[in-house]
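[1] Fold the following.
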Amino acid sequence: MRHAAATLVVALAAIACTCGIARADDIGKPGTPNGPPTGIAPVTVTLKSVLHAHDTAMGITAHPTVTDIEEGTITAYGMAGKYRDVYAGLRAGSDYSSTETMGPFTTSEGRYHGQRWRRDENGVTDVMQDTQRAAAFLERGFTNEAEDTSNDVTLLGEVTSPIDAYVVQVKVKGESPSWGFYDKKTGVLDRLEIGDPDDRSIITYDDYRLINGNREAWHTHYSDVHPENEYDRRIKSDTYGAALTDADLEIPSTRQNFVQLPAGKLEDDLPSDVQVSTEALGVTWVYASPHISVTINGRKIDMILDSTESGMVLDDEVAKELGLTRYGPYDEDDKRSIYPTRAVIPAMSIGDVQMQNVAVSLRHVVDPGNARHTAGIIGYDLLASSIVEIDYIHHVVKLYDPIQFVPPADSSATPVNIDDEIPFVGATVGVSSGDYFMLDDTEPFTVIFPDFWQAHPDDVIDQGQGRAANYSFGGSDSPLKATQLKALNFAGTSFDEWIAYEAMDTQDLEGVDIDGIIGCDFLQYFNVFFDYGHHAIYLEPNEAYRRAARH
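    Next up is the predicted model:
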């Protein structure tokens, strides 16, 4: 379970529940949720020898390129499931395909001829376009992270409890630390603890078996403080050296007809409302979140179209009212009540557009500004399955048949990378360019992230208006610092003396590979077309743009 274990580690760590906030001065201390284990004694062995002993014990050193087909069962959240993993080699960087089915949910991910991909619960496939971000996106196993020289890796020492093991600490930039327990006698990884400011996840590995010179843990168990999130995984068959075909590893296509327009109809105005409003907070904030009316079980529900949402979201209370079956994993709300986080909507409609068997995430949806009762979020799955237009002048969201769609003649196209189901575009601030600006149709202003403004200080120097805005907004204690840029250029359109915010909390944003955010303060000047199938965003200047150009 080389790559699959890697995915399992990250996926399970993400479901850890909030169970009380740790004191700021305790975070990182031994015995705390985000600190190293207690009882560590110094050793004379080296980190290199511990990792080499592991690779030797696992058979990776002797057989790094052998193929592997692994199948097994899963028990979690009160459900039974199964998985199938195919590896072209056992070293990180080899092609692989991993598929997991749990109850009504099936997800898969892999690498094919070096190309990273992932298919979500709704059958929508995300092919990573950018090599650098695809590498960062890869969810790798602990030992792979420990052998990566770009990470902060330390052999802390040895413990005798809960097992007799060497403890290796790995700190990946921008992530909580984790600690691997390598058995002193066998060299294998017996235990993994993943830090978190509020909770700690524990993964144990046992029932190691040697097959054809390759050693594997046939039993993996995940736990945290909530028994609802226990996750158990067992191998049932493990075949090394099998002949693989393209069908074993190739990228699966996106589910057909997930979004269905009426027969013969090439476009549709969705029941929607895109009202543009502003608020002067030193800098003008632009609120223009697209609201869409969705019908589920005969009930109309208001949802927001959010380009940065990786899937579909429904409010948990609304899911209960609709009588939907809800599934784990489980999370904890601000009142410390536990609730399931997934459901499947058998059928839903957006005007004439139909969707069946829609997997949604459940959480408590907060309506920004409390202007209306918003019960859900529509994100990547709709955007990736059709062409979606936001028309800020006519206050409507439109949907087009992706096969028949032709971009408007007066629109400009910009490439978009869909990474982790979120759109990233290139933009230029002053004279400096960045490739990783998040396109966020719900953000009321432009944001410049620390890595960018620290690398290009001359391009974010305030041209005058930012100073006054900061005084009005919150002074030196604000996590955002307003600045009037010389110019902002995106998709071939340049705005001089553009007001933006620098995100000031460099510690919280450390390791976040994002240059900034292009928000609806910019997008409001265009008809915005999302064409993920062609990795493009089209911007068609609207009347607001023409008015701004005249002044």
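[2] Tell me how many other residues surround D420.
    Per other CB atoms under 10 Å, the neighbour tally for D420 reads 14. Yep, even glycine has a C-beta here, placed from its N, CA and C like the rest.
[3] swap in E145?
    For E145, using other CB under 10 Å, the count is 21.
[4] Provide a list of residues in contact with the closest residue in space to it that isn't next to it in sequence.
    In space, and not counting its chain neighbours, E145 is closest to V170: 4.9 Å by CB to CB, 6 or more residues apart in numbering. Residues counted as contacts of V170 (CB atoms under 8 Å, 6 or more residues apart in numbering) are 142, 145-146, 151-153, 177-180.
[5] and V170, what are its bridge partners?
    Under DSSP bridges, the beta-bridge partners of V170 are V153, S178.
[6] Now for the nearest residue to K486 once chain neighbours are set aside: which residues touch it?
    Of all residues not flanking K486 in the chain, G430 sits nearest, at 4.8 Å (CB to CB, 6+ apart). Listed by CB under 8 Å, 6+ apart, the contact set of G430 reads 456, 458-460, 485-487.
[7] low pLDDT regions in the stretch 451-551 of the chain?
    For the stretch 451-551 of the chain, residues meeting the criterion pLDDT under 70 lie at 468, 471-478, 505-512, 550-551.
[8] same thing but at 90, please
    Within the stretch 451-551 of the chain, the segments meeting pLDDT under 90 span 451, 464-482, 491-493, 503-514, 547-551.
[9] Quick one: the helices in it, in order.
    Applying DSSP state H, counting those that start in this stretch to the stretch 451-551 of the chain gives helices spanning 465-473, 520-523, 543-550.
[10] Which among those is found nearest to L51?
    With CB to CB as the measure, helix 520-523 is the member of the helices of the stretch 451-551 of the chain nearest L51 (47.4 Å).
[11] For that closest one, name the packing helices and strands.
    Counting contacts by 3 or more CB pairs under 8 Å, 6 or more residues apart in numbering; DSSP states H and E, helix 520-523 is packed against strand 283-287.
[12] So which bits of the strand it packs on are buried?
    Under the neighbour-count criterion of 16 or more other CB atoms under 10 Å, strand 283-287 has 283, 285-287 buried.
[13] Show me how far it is from its chain's centre.
    Distance, stretch centre to chain centre, for strand 283-287: 27 Å (CA atoms, centre = their mean, to the nearest Å).
[14] repeat for stretch 456-464
    How far stretch 456-464 lies from its chain's middle: 31 Å, per CA atoms, centre = their mean.
[15] Nearest residue to R215 in space, please, no chain neighbours.
    Leaving aside its sequence neighbours, R215 sits nearest to M58 (CB to CB, 6+ apart; 4.8 Å).
[16] Same question for K265.
    D352 (7.1 Å).
[17] Separate out the buried members of the contacts of V170.
    Buried among these (16+ other CB under 10 Å): 142, 145-146, 153, 177-180.
[18] now the residues you listed as a markdown table including pLDDT and distance to E443?
    Compiled in a markdown table, the buried ones among the contacts of V170 are given as follows (pLDDT from 0 to 100; distance: CB to CB, whole Å):
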| residue | pLDDT | distance to E443 |
| --- | --- | --- |
| F142 | 87 | 35 |
| E145 | 86 | 32 |
| A146 | 89 | 37 |
| V153 | 96 | 36 |
| P177 | 92 | 30 |
| S178 | 94 | 31 |
| W179 | 97 | 36 |
| G180 | 96 | 38 |
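[19] Tabulate these (a markdown table), appending distance to M504.
    Shown next, in a markdown table, are the buried ones among the contacts of V170 (distance: CB to CB, whole Å):
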| residue | distance to M504 |
| --- | --- |
| F142 | 33 |
| E145 | 29 |
| A146 | 33 |
| V153 | 30 |
| P177 | 24 |
| S178 | 28 |
| W179 | 31 |
| G180 | 35 |
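[20] Out of these, which is nearest to V313?
    Nearest to V313, judged by CB to CB, of those is S178 at 28.1 Å.
[21] Okay, strands next: where are they in the stretch 401-550 of the chain?
    Ranges of strands in the stretch 401-550 of the chain, per DSSP state E, counting those that start in this stretch, are 412-415, 417-419, 422-429, 432-439, 447-448, 480-484, 487-490, 493-496, 499-503, 516-518, 526-531, 536-541.
[22] Need the pLDDT of the residue nearest to D435 when sequence neighbours are not counted.
    Nearest non-adjacent residue to D435, counting by CB to CB, 6+ apart: G426, 4.9 Å away. Looking at G426, its pLDDT is 95.
[23] and G426, how many neighbours does it have?
    Using other CB under 10 Å, the number of residues around G426 comes to 17.
[24] do the same with P408
    P408 has 13 neighbours, counted by other CB under 10 Å.
[25] Find the nearest non-adjacent residue to it, please.
    Leaving aside its sequence neighbours, P408 sits nearest to E540 (CB to CB, 6+ apart; 4.7 Å).
[26] close enough to count as contact, that neighbour and N527?
    Yes - judged on CB atoms under 8 Å, E540 makes contact with N527 at a distance of 4.1 Å.
[27] Please enumerate the shared neighbours of those two.
    Joint contacts of E540 and N527 (CB under 8 Å, 6+ apart) are 408, 411.
[28] Among those two, which residue is more densely surrounded?
    Counted by other CB under 10 Å, E540 and N527 do not tie: N527 has more neighbours, with 21 against 17.
[29] For that one, list the residues it contacts.
    N527 neighbours (CB under 8 Å, 6+ apart): 389-393, 408, 411, 539-540, 542.
[30] next one: P457
    By CB under 8 Å, 6+ apart, P457 lies in contact with nothing.
[31] where does the stretch 51-200 of the chain have low pLDDT?
    Counting by pLDDT under 90, the stretch 51-200 of the chain shows low-confidence ranges at 55, 58-68, 89-94, 114-116, 127-150, 172-176, 196-200.
[32] just the helices in it please.
    Remark: helices assigned in the stretch 51-200 of the chain by DSSP H, counting those that start in this stretch are 131-137, 142-146.
[33] Excluding chain neighbours, give the residue nearest to Q260 in space.
    In space, and not counting its chain neighbours, Q260 is closest to Q354: 4.5 Å by CB to CB, 6+ apart.
[34] Burial check on that neighbour, number of neighbours?
    If you count neighbours by other CB under 10 Å, Q354 ends up with 15.
[35] and what of I203?
    Residues lying near I203 (other CB under 10 Å) number 23.
[36] Bridged to it, which residues?
    Under the criterion used (DSSP bridges), I203 bridges to L192, Y222.
[37] so it sits right up against H219, yeah?
    No - using CB under 8 Å, I203 is not in contact with H219, being 11.1 Å away.
[38] related to what we said a few turns ago, top of the contacts of G430 by neighbour count?
    V460 (24 neighbours).
[39] can you pull out the strands in the stretch 101-250 of the chain?
    105-112, 115-119, 125-127, 152-159, 165-171, 178-183, 189-194, 201-211, 214-223, 231-240.
[40] Would you mind giving the ones you listed as CSV with distance to D85 added?
    Listed next are the strands of the stretch 101-250 of the chain as CSV, based on distance: least, CB to CB, whole Å:
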stretch, distance to D85
strand 105-112, 9
strand 115-119, 14
strand 125-127, 18
strand 152-159, 26
strand 165-171, 23
strand 178-183, 21
strand 189-194, 18
strand 201-211, 15
strand 214-223, 11
strand 231-240, 9
